[in-house]
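Student: quick one, structure for this:
(chains A, B, C and D)
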4 protein chains.
Amino acid sequence: MAKRRLNVGLIGYQFMGKAHSNAYRQVGRFFDLPVEVGMKTLCGRNEAAVAKAAETFGWEGIATDWRTVVADPNIDIVDVATPGDSHAEIAIAAAEAGKIVFCEKPIGNTLEEAERMLAAVEKAGVPNAVFHNYRKAPAVALAKRMIEEGRIGRVFHFRATYLQDWIVDPEFPLVWRLQKDRAGSGSHGDLNAHLIDTARYLVGEFGEVCAHMETFVKERPLVGEIDDKLGATASTEKGEVTVDDAVIVLAKFQSGALGTFEATRFALGRKNYNRWEINGSKGSIVFNVERMNELEYYDNADPSGLQGFRLIQATDGGHPYAGRYWPVAHIIGYEHTFVNLVADALTAIHEERPISPDFRDGLRNQRVLDACDRSHRSRGWIAL
Amino acid sequence: MAKRRLNVGLIGYQFMGKAHSNAYRQVGRFFDLPVEVGMKTLCGRNEAAVAKAAETFGWEGIATDWRTVVADPNIDIVDVATPGDSHAEIAIAAAEAGKIVFCEKPIGNTLEEAERMLAAVEKAGVPNAVFHNYRKAPAVALAKRMIEEGRIGRVFHFRATYLQDWIVDPEFPLVWRLQKDRAGSGSHGDLNAHLIDTARYLVGEFGEVCAHMETFVKERPLVGEIDDKLGATASTEKGEVTVDDAVIVLAKFQSGALGTFEATRFALGRKNYNRWEINGSKGSIVFNVERMNELEYYDNADPSGLQGFRLIQATDGGHPYAGRYWPVAHIIGYEHTFVNLVADALTAIHEERPISPDFRDGLRNQRVLDACDRSHRSRGWIAL
Amino acid sequence: MAKRRLNVGLIGYQFMGKAHSNAYRQVGRFFDLPVEVGMKTLCGRNEAAVAKAAETFGWEGIATDWRTVVADPNIDIVDVATPGDSHAEIAIAAAEAGKIVFCEKPIGNTLEEAERMLAAVEKAGVPNAVFHNYRKAPAVALAKRMIEEGRIGRVFHFRATYLQDWIVDPEFPLVWRLQKDRAGSGSHGDLNAHLIDTARYLVGEFGEVCAHMETFVKERPLVGEIDDKLGATASTEKGEVTVDDAVIVLAKFQSGALGTFEATRFALGRKNYNRWEINGSKGSIVFNVERMNELEYYDNADPSGLQGFRLIQATDGGHPYAGRYWPVAHIIGYEHTFVNLVADALTAIHEERPISPDFRDGLRNQRVLDACDRSHRSRGWIAL
Amino acid sequence: MAKRRLNVGLIGYQFMGKAHSNAYRQVGRFFDLPVEVGMKTLCGRNEAAVAKAAETFGWEGIATDWRTVVADPNIDIVDVATPGDSHAEIAIAAAEAGKIVFCEKPIGNTLEEAERMLAAVEKAGVPNAVFHNYRKAPAVALAKRMIEEGRIGRVFHFRATYLQDWIVDPEFPLVWRLQKDRAGSGSHGDLNAHLIDTARYLVGEFGEVCAHMETFVKERPLVGEIDDKLGATASTEKGEVTVDDAVIVLAKFQSGALGTFEATRFALGRKNYNRWEINGSKGSIVFNVERMNELEYYDNADPSGLQGFRLIQATDGGHPYAGRYWPVAHIIGYEHTFVNLVADALTAIHEERPISPDFRDGLRNQRVLDACDRSHRSRGWIAL
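Tutor: Predicted coordinates:
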């Protein structure tokens, strides 16, 4: 019997568009899925560019208006991979059209958007997912399994940093990610949202937060003409940076665990340093996206004198996802977290289970982001 | 104008077949190639299994006899990804049929086979490649570039180990890789061949070698019935292990540099520890496949007091291959070395340049393997 | 001409007493000092125990009342290495007696004590030092030199953690370090005080802090009888833990840099993990006491494609202090930070320069500790 | 009752003289020994220099002729810390005079010397020790204990490198360590001797070796005048380097284990990289002197999916020696290996047990060194 085929319409064809496209193209090559994926339509406003991307990424057709994708009866899944300012409008329309809705993180630019988005998918009763892809790294999924097995015990501490360095140069131009109306926020929504999702996934819900945000470079050159060869060129004119360069947060989880969070684009030498550590009453675990195939684990039950952090290579058949790919220690990369997420989502749809993470996760994430924002402005702790 | 399409016929559908298939499927998605790849035919002796693999991996058709692939006028490239005992026969027939010939490493099971294989492709004048894929890791290609730029200076030392641990258990069965008639040798041809290729690529040709091989476990359970669910099951009967478990080698390069090599399947905890270090008169570099996105580099010209090994993440746009994939520090994995190799090979074919590495590299590699073998038997040094 | 001899009276003979004694005994063996050190008197309340310690550590005589040491005209330096609750009384008396005063960190248990202590040494005009020993690790002193040379540029971030795990077990008894009246505070004064000193030393003065403290285990077994063989034994009765188990802090420096601090005794697997990282506009540096001979350094001026964190072994003749000991990469240990501190202090005394760090540093440290404490209670930011 | 006092006469006051002196001075401060050490006489040919050293290091008196030390009835232990060419003469005379004899490694410059030295101490019946100090690092002693407890199982591989970089510059002068008549050999006796001792200590006796030595820089500037400020200055004249710059060795142990050894002074960036790894049937261990407080351990009995190399900090009370010093993770350094060795030796003397390592170890080490030397010249394997 032929498998059900789910046709995807992907809105957005830049960095995330490339990563999502790869996931749809590859997922059936490594996972034995109960459904088939159809790479139906890639959508973007620049027709020439989207046509080129569609050919490169392997899409059957293109669209230049997301409304045509949402209206297309042949589309089953609408995947929103645009900048944050258009997530809500597209996702809500897709839900209202009865589509399965996938959405890049963070779910929206504001809490209000996120609430409307969740309401829309719930009202429509459509499956929905948010691309908190790092949940799907084998080492992170292993961490989750270890916590569920009780290997870490009562959690005392979660400490997380997401460090990058791509805008330390004050002459770096004012791209969309540095504009609040497009991006919603800076490091906070882009990077800290990942840490918050991991925290919720592994430690549980937040109780209170206290945050501070900083913009180290207040003005930057405006983006000038787009040159086909050189990309965006910097203008001599300057504009205001309207998002945070860095955010630091203290948190208390509902469980009583303490959390510290730091997300910044001003940490020279750190490129994609999404690193977190959990300390519990039975053990500790450490993860870093830059070495995403590894998980460090301290087991307090190891014999005295022989204790120490173990470097687990989460790459063998017994580790989540890893057996789908290559033999042990033949590592996978960033793109595979998207493949794994899509595999899980498609399986959940087939089995009529909620997808993890879904819009409820997206909303809860947004609530923490919003609470941090309010804490920053009120200079005090905010309860969730 | 439409690009030239090169149709591939791939012989073999196990581990290497999966890796090669992925490379053909993905190469055009990340590289802007001057030719197109057609995934025409996947070939294997078990029709049901090969049909399933072809569907999973994305091949248009299947064959159960490699001769039909070699004879197929629609096939441009014959890719030999079978165990070593059939490389020579297939590759030579393919060359004689005028096909471009790609071949897994090591090129053959014996020096004599390798010589006949090179003679065949040279006589036929067909492009040819050997899958020494680790040359194509961005960090290794970066190392090559740094050496060519003179950053390492005169090389004094090359020290390399390829450590695995999958047969430490004496009850592990006598699979084909442990049988000389199928595999040619054990760790030597499987693992040491990789180190030798890296050495030739980065340091140059060998002058003399002195080797010792060891089989720690002399007998193992015969492989029993193949069960569809469980795979091979161990029999109670035992058979002789006819290949080396480990090989250790001293080498002197033609340049005067010294080399040490160790390949083993008996190093508990080491899963795919293909690690090498080069010490030169101006600097040192270190690589390990288990962290294949990284290269360590010591620059002796750094200011006194500030010297130290740098951990380079070979993942940004300025690093070989890396710009084709994801932003800096969003790592790639094992499979991408094959994608990069295929991209390079197809480009070289289009530009009518020799492919690197090709059958000459394969033969020279085999000469070193053979010299080590003779050294082991003669208990002394062998000149190349 | 004979060197001036400075006689020391050391109050306290436990862990810190042992470390200070070693420093006095060793300093003249490695440093060519302008003065001599006399190990005159070791002081403690238990006569038998202090006599044994004095013999082991190499002191000429003993005292059982610190007042006799302070009153002794043959004593030049009074070194206070007792628990925090007696620092102020002893140090003030010593200053009033005209002694040079050395004191363990933190300077006192309260801000008021610290203020009185500084006032006393300033009124008496006596040299004074606080044992923030980690300043004196070669790698930390190298970091200071690099910052002063402008290699890091404008500092954006300081992130520091001091993690230990010795009281995770709820059956660990209520020792003096867990009692507020003896220790003043828990992780905060014991561990966070080190981080705060490092921050002030390398980044500058604090502007504002926001802190949260937590006591995960509220009650613990009382310490029972002291058994000569077994040490303290746990009683079946329980008492209240009156200090913090962990503290987390957000900070803004006067320079505009952001800081995060975390000190805890509840991080399983972390034994003495005093680790900090500084990110500036020109480079980054990282240090960890557990590998105290190393400093990681990222230089943004390194050539593109060759950038990465360098692992500097701060052990050669060009590094601060290191040339006094052994050849490069023959590492030194924890105790040498005390030797270096004493060497610096004695030299400064001879040259009539202020000692670094001194009581002013101790007081400023205490002000930050106190501000954190008030922030914790007020649930908001406190300016310094 | 007063402890027996053993008076030491130390011959040599350079690098090793400093390290041995520190050990005698410190050993009683950390270990509760059954005997006392008297630092009686420091001996060297340059009276002014030795007098200064004696004062700095804490010796009671000096001598300028080792014969007076050997003849001194107040001396119990003669410790030979001179270059290798005088070890045999002094040690034999000391033994004949009935002294306890301690000697730096390697025991002599030739096998014949080592044999005569062992014969002398055996004939005299005097306790004797060789300073293979790295045996006494806590992490190495822990490794020994783990092997004896059966945690590693049957050993398959020992791989060891001792890498330094201090003579890569061809203008570095022809110091005594580069002259065969003074030093005996180069990297081989200086560095490889350490690896060989570790191998014998942890794996057992050698069966066969095959070695190659290389001198990369054949001529170097002669050492010119000794300037009190600048030390040795290079002359414009050149002399022949008569020792090896590097040595590489294959080995087969009597147990059947394989070994690889590499010692070099031409590995830029490696300062004191004495690193070895043992792979057995139950686990693996790894050590590196540059991080001498740590031992990596892979336990194959760890649960599947949770296996990985553990980073043990061999610094707590349960680890060999470590409890004598500081709390866990407050690291010790290079010098403490000598303190530990002296503590063990003095205890063994008191208990009338053989010291480990002693002259028999020194001789067996020399036999391996000699076999390597003969193998290098014969270009083949040499049995021991």
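Student: so A:Q26 sits in a strand?
Tutor: No. The assignment for A:Q26, made by DSSP: H, G, I helix; E, B strand; the rest coil, is helix rather than a strand.
Student: distance check, the closest residue to it other than its chain neighbours against chain B.
Tutor: Leaving out its chain neighbours, the residue that sits closest to A:Q26 by C-beta to C-beta, 6 or more residues apart in numbering or on different chains is A:V339, at 5.1 Å. The way it works is simple: take the backbone N, C-alpha and C, and place the C-beta from them, glycine included. Separation of A:V339 from chain B (C-beta to the nearest C-beta, to the nearest Å) stands at 11 Å.
Student: before we move on, which element is A:V339 in?
Tutor: In this structure, A:V339 is located in helix A:334-350 according to DSSP states H and E.
Student: what comes up buried for that helix?
Tutor: By 16 or more other C-beta atoms under 10 Å in any protein chain shown, the buried positions in helix A:334-350 come out as A:334-349.
Student: quick check, pLDDT for A:D227.
Tutor: For A:D227, the pLDDT comes out at 53.
Student: oh, I was asking about A:A2
Tutor: pLDDT at A:A2 comes out at 80.
Student: would you agree it falls within a helix?
Tutor: No. The assignment for A:A2 by three-state DSSP gives coil, which leaves it out of any helix.
Student: distance check, it against A:G38.
Tutor: 13 Å (C-beta to C-beta, to the nearest Å).
Student: between the two, which has more neighbouring residues?
Tutor: A:G38 (18 against 5; other C-beta atoms under 10 Å in any protein chain shown).
Student: isn't that one right up against A:L10?
Tutor: No. In this structure, A:G38 is not within contact of A:L10 by C-beta atoms under 8 Å, at 11.4 Å.
Student: distance of the most centrally placed residue in chain A from chain B?
Tutor: Relative to the mean C-alpha position of chain A, the nearest C-alpha, by C-alpha atoms, centre = their mean, is the one of A:H132, at 3.2 Å. Using C-beta to the nearest C-beta, A:H132 is found at 15 Å from chain B.
Student: for A:P127, same thing?
Tutor: From A:P127 over to chain B the distance is 25 Å, taken as C-beta to the nearest C-beta.
Student: just the pLDDT for that residue.
Tutor: Looking at A:P127, its pLDDT reads 98.
Student: who touches it in this structure?
Tutor: With contact set as C-beta atoms under 8 Å, 6 or more residues apart in numbering or on different chains, A:P127 has these partners: A:I100, A:V101, A:A345, A:A348, A:I349, A:P354, A:I355, A:D358.
Student: quick revisit: show me which pair in the buried residues of helix A:334-350 is furthest apart.
Tutor: Taking C-beta to C-beta as the measure, the buried residues of helix A:334-350 span a maximum distance of 24.1 Å, between A:Y334 and A:I349.
Student: hmm, the residue nearest to the centre of chain A is touching A:P357, no?
Tutor: Yes. Using C-beta under 8 Å, A:H132 makes contact with A:P357 at a distance of 4.8 Å.
Student: for the residue nearest to A:L250 when sequence neighbours are not counted, the count of nearby residues, please.
Tutor: Leaving aside its sequence neighbours, A:L250 sits nearest to A:C210 (C-beta to C-beta, 6+ apart; 4.6 Å). If you count neighbours by other C-beta under 10 Å, A:C210 ends up with 27.
Student: and A:C210, how close does it get to A:Y321?
Tutor: A:C210 is 36 Å from A:Y321, by C-beta to C-beta.
Student: just the pLDDT for A:S235.
Tutor: Taking A:S235 on its own, its pLDDT is 71.
Student: would it count as being in a helix?
Tutor: No. With three-state DSSP as the criterion, A:S235 is strand rather than part of a helix.
Student: circling back: contact partners for the residue nearest to A:Q26?
Tutor: Contact analysis of A:V339 by C-beta under 8 Å, 6+ apart lists A:N22, A:A23, A:Q26, A:V27, A:F30, A:F31.
Student: ends of stretch A:152-172, what's the gap?
Tutor: From its first residue to its last, stretch A:152-172 covers 43 Å (C-alpha to C-alpha, to the nearest Å).
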